[in-house]
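Asker: sequence? don't have it. structure:
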């Protein structure tokens, strides 16, 4: 074993949520093997009384010495899962909001590098207002200032995270991208940047640049992992592999970046067990957060054709709620939940229509957790380390 030294050069106990004390090179070999076969550990880790939060109806207690129990702060605050809003207030001590910004980036799955038609479900005009209204042509600073003014008119927000969202935001001229990231980070009121990208678009040079940026602002990387199953990635026409996701996650965390994984539930051919494998393997990699989406049908996508031809049918609302709850139960308790259901503008969304009722679906997920007496992490346990 060779623990990673801290900034002073000393080795020792790791902070919660950091990578366990295994050499990164050794860990990468282990997880590449895991990526080739998600049953690498030989079993699905059972609930572990020492590491799991358990199915307890109470939200915490005090031990015999009068101190708080092992339950994390979000549990003691009465939550059923580690919500993004709670995390941001906990981290920054004030109300923080993410604002989408468009750097005008393309995608290797569109420009011919990996593919030319994009993912089977993707339509940037539906998911990114900036692409519908041409806002991406404006300077980043102008986009953010406008968005801040609009937000302040609607609700009281103390600080912002600039979220580089549409396209693959580590793909392109790195000097230009760095200048845009730094411009956003330097604006008054901006406390961090979030950068959406693909697992196969994080070169060493890009990661080194983000590590430098992370020294003066908080940097979050949002990776479109989607699933741990390569057959599903092929069906989605992602043109990257789970092994590439593993390497991207480990490399980003090695540099101290906050890593969020995007996940899709309801991919055809994936059983409940398959989807829970995704939760467990992301937990094993210690991703810092997840965004969970239901696979939904947008206009002008190839998925629309499959849906109209009866080849694809989205999850029912009831099935999605049950699956999302079990997914939460199998995630580590320290993993931030940034999204629990996908959505899109009504004029672009074809199916399922229930995802337009986002607030109601979120309440139903919480109600199902309460009915079960469970929480995020109730079924989670550290996988056994390979011998």
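Answerer: Yep, it's here. From a predicted model like this one, the values you see are computed outputs, not experimental measurements. Numbers count the residues shown, from 1 in each chain.
Asker: In a strand, residue 163, correct?
Answerer: Yes. With DSSP: H, G, I helix; E, B strand; the rest coil as the criterion, residue 163 is part of a strand.
Asker: Excluding residues flanking it in the chain, which one is nearest residue 319?
Answerer: Once flanking residues are discounted, residue 319 sits nearest to residue 266: 8.0 Å by C-beta to C-beta, 6 or more residues apart in numbering. Heads up, the C-betas are built off the backbone N, CA and C, glycines and all.
Asker: what's near enough to touch the one you found?
Answerer: 294-295, 314-315, 319-320, 323 (C-beta atoms under 8 Å, 6 or more residues apart in numbering).
Asker: Over to residue 115?
Answerer: Contacts of residue 115 by C-beta under 8 Å, 6+ apart are 108-109, 237, 239.
Asker: and with 10 Å instead?
Answerer: 107-109, 237-239 (C-beta atoms under 10 Å, 6 or more residues apart in numbering).
Asker: re the thing from before, looking at the contacts of residue 266, state which has the most neighbours.
Answerer: Neighbour counts for the contacts of residue 266 (other C-beta atoms under 10 Å) peak at residue 320, which has 25 neighbours.
Asker: Now name the helix or strand holding it.
Answerer: Residue 320 is part of helix 317-329, with elements assigned from DSSP states H and E.
Asker: Pop out the phi and psi values for residue 84.
Answerer: phi -60, psi -50 (degrees, to the nearest 10).
Asker: Check the gap between it and residue 300 for me.
Answerer: 30 Å (C-beta to C-beta, to the nearest Å).
Asker: So those two - more neighbours on which side?
Answerer: Legend: neighbour count by other C-beta under 10 Å for residue 84 and residue 300, higher for residue 84 (18 against 12).
Asker: Quick check: that one touching residue 338?
Answerer: Yes. Here residue 84 reaches residue 338: they are 4.6 Å apart, a contact under C-beta atoms under 10 Å.
Asker: where do the contact lists of the two overlap?
Answerer: Common neighbours of residue 84 and residue 338, using C-beta under 10 Å, 6+ apart, are 98, 260, 289, 291.
Asker: dump the residue contacts of residue 291.
Answerer: With C-beta under 10 Å, 6+ apart, residue 291 has these contacts: 84, 196, 222-225, 260-264, 336-340, 342.
Asker: again, only this time at 7 Å
Answerer: Residue 291 makes contacts with 260, 262-263, 338-339, as judged by C-beta atoms under 7 Å, 6 or more residues apart in numbering.
Asker: Quick check: which element contains it?
Answerer: According to DSSP H and E, residue 291 maps onto strand 289-294.
Asker: ok, the closest residue to residue 209 other than its chain neighbours - how many residues close by?
Answerer: Leaving aside its sequence neighbours, residue 209 sits nearest to residue 178 (C-beta to C-beta, 6+ apart; 5.5 Å). Applying other C-beta under 10 Å, we find 15 residues neighbouring residue 178.
Asker: From residue 355, how far off is residue 178?
Answerer: Distance, residue 178 to residue 355, by C-beta to C-beta: 36 Å.
Asker: Doesn't residue 193 lie inside a strand?
Answerer: Yes. According to three-state DSSP, residue 193 belongs to a strand.
Asker: and residue 260, what is it in contact with?
Answerer: Contacts of residue 260 (C-beta under 7 Å, 6+ apart): 220-223, 287-291, 338.
Asker: By neighbours, which of those wins?
Answerer: Those, ranked by neighbours (other C-beta under 10 Å): first place residue 221, 29 neighbours.
Asker: Verify the contact between it and residue 252 for me.
Answerer: Yes. Using C-beta atoms under 7 Å, residue 221 is in contact with residue 252, at 5.1 Å.
Asker: Residues that sit against both of those two, list them.
Answerer: Joint contacts of residue 221 and residue 252 (C-beta under 7 Å, 6+ apart) are residue 259.
Asker: And stretch 283-294, end to end?
Answerer: Stretch 283-294 has its terminal residues 20 Å apart, counting by C-alpha to C-alpha, to the nearest Å.
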